[in-house]
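K.L.:
A predicted structure for the sequence below; I have some questions about it.
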Amino acid sequence: MKHLFALLLLLGITSAAFAQYEMVVFEYEKNYFNQGNPLPAESFIMFSGQAEAGTDLVTIDVFKGGSKHKKPLYTGTWKRSFSNTGEKFELPLNYKLRGDDQYDIVLKNYRKATQTEKENLKQIMNSTLDAYVDGIISVERRRLNVAKPAGAIVRDLNDLIKEGTIFYENKINFDFPGFSDIIKNKIEQLNKAKLKRGNIIFANGEKKHQRKESKRLYSEKLIGELKTALHTELEQYLNTDLMVLYDWKEVNDYPTEKTRNILSINAGYGGVYFDGDLNDLSYDSAPYVGLSFPLGRAALASPFWSNTSISLGAFINNFEDENGNEVTGPIFGRPYYLGLGYKVFQFIRINAGATFIEQKRDEFGFAIKDIKVRPFVGVSAEVNLWLGLGSKGK
């Protein structure tokens, strides 16, 4: 019996673990998911699809529908293990999609870059870096003129690498870290360099054309050292396990399933403060009923926002003040309230806010109605109602 109970407990835990993800299959040729059905909303998703032999990396980018793909809401990554020879990928999407919405899904497939592709990439990037250096540095009569501050140049160089390797990823998650301070220091040295020093390093004589040649050689040496340093740091990155993008699939404005909205009904007991201080306090209490509108959905928002609500309702009975006079409410004849609520337990909510009351008084033989706003606090039980025809409510 003990073994049977342990087995049932283990199965329950396992089922709960797998129940966290909903399976979604990407159909490559038809370019849709789960036979064209909407994507699951407000739950984690396990994407699966075809990964042919040679595919080492699959990424899925999720964008807001119609966002022009500026920045993904979430990126999921699948990497082929060394022992995996299958033709299928499974990729968890640990991002919950909103119900009754649309998203753009981009799937990218990468394979290992060949040595020839890496060499070609290195040559292209080296040429790009050299062209930038030649365009930013000019040789003047006595010095080198660097058109930008060293920090701005390093940022530009980093951007060139980022743009030039946009179709490449790294299997070990080693992104290009940016050029080091060595590059920045070399650029600053160029700005301070005196070309007349070339007459010492390249002593070709005392004639004017010979001194000019020495300065030219010295400027080429300084610029060449910068280029060599750039090439060396770039090569350290390119020598890693690079993968190249070979296939790209894009599914735009794909819908998610509809979800139901929550309306909470409260029934509780609350007290209202009328007037006075601690020694002469005027207050009363009564049962109330009302509605709560959560500020966030439990599946998407943080616990604080999903448990917090805007609450409104009315007290069932009228109040009495310290003199025994009836205290009602404007318009409806019952006091009503508006405030915030916070769910402290599954069915218990604390409410606090403002109560709208009406008190009558006689003045010169006329009945005067005073409408006041007074603070209240209460505790209520709560029942949730699902609104709408959606398939799910969280």
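P.N.:
Perfect, thanks for sending it.

K.L.:
my read is residue 126 is in a helix, agree?
P.N.:
Yes. Residue 126: assigned to a helix according to DSSP: H, G, I helix; E, B strand; the rest coil.

K.L.:
so who does it touch?
P.N.:
227, 230-231, 234 (CB atoms under 8 Å, 6 or more residues apart in numbering). In this view, the C-beta of every residue, glycine as well, is placed from N, C-alpha and C.

K.L.:
same deal with residue 183?
P.N.:
Residues near residue 183 by CB under 8 Å, 6+ apart: 154, 157, 226, 229-230, 233.

K.L.:
in helices, which of the residues you listed fall?
P.N.:
Using DSSP state H, the members of the contacts of residue 183 that fall in helices are 154, 157, 226, 229-230, 233.

K.L.:
quick one: least confident of these?
P.N.:
Minimum pLDDT for the ones in helices among the contacts of residue 183 is recorded at residue 226 (89).

K.L.:
can I assume it is in contact with residue 185?
P.N.:
No. With contact defined as CB atoms under 8 Å, residue 226 does not reach residue 185; the gap is 10.2 Å.

K.L.:
looking at the two, which is more packed in?
P.N.:
A direct count of neighbours by other CB atoms under 10 Å for residue 226 and residue 185 places residue 226 higher, at 20 against 12.

K.L.:
ok, and the closest non-adjacent residue to the more buried one?
P.N.:
residue 186 (4.9 Å; CB to CB, 6 or more residues apart in numbering).

K.L.:
so that neighbour belongs to a helix, correct?
P.N.:
Yes. Under three-state DSSP, residue 186 falls within a helix.

K.L.:
that one touches residue 229, doesn't it?
P.N.:
Yes. Between residue 186 and residue 229 there is a contact under CB under 8 Å: 5.9 Å.

K.L.:
per-residue pLDDT, residue 1?
P.N.:
pLDDT, residue 1: 41.

K.L.:
I meant residue 389, not that one.
P.N.:
Looking at residue 389, the pLDDT reads 44.

K.L.:
equivalent analysis for residue 99, please.
P.N.:
The model's pLDDT for residue 99 equals 89.

K.L.:
residues near it, how many?
P.N.:
Residue 99 is flanked by 26 other residues according to other CB under 10 Å.

K.L.:
can you tell me how far it is from residue 302?
P.N.:
18 Å (CB to CB, to the nearest Å).

K.L.:
for the most centrally placed residue in the chain, give me phi and psi.
P.N.:
By CA atoms, centre = their mean, the mean C-alpha position of the chain lies nearest to residue 73, the distance being 5.3 Å. Phi and psi for residue 73, reported as degrees, to the nearest 10, are phi -70, psi -30.
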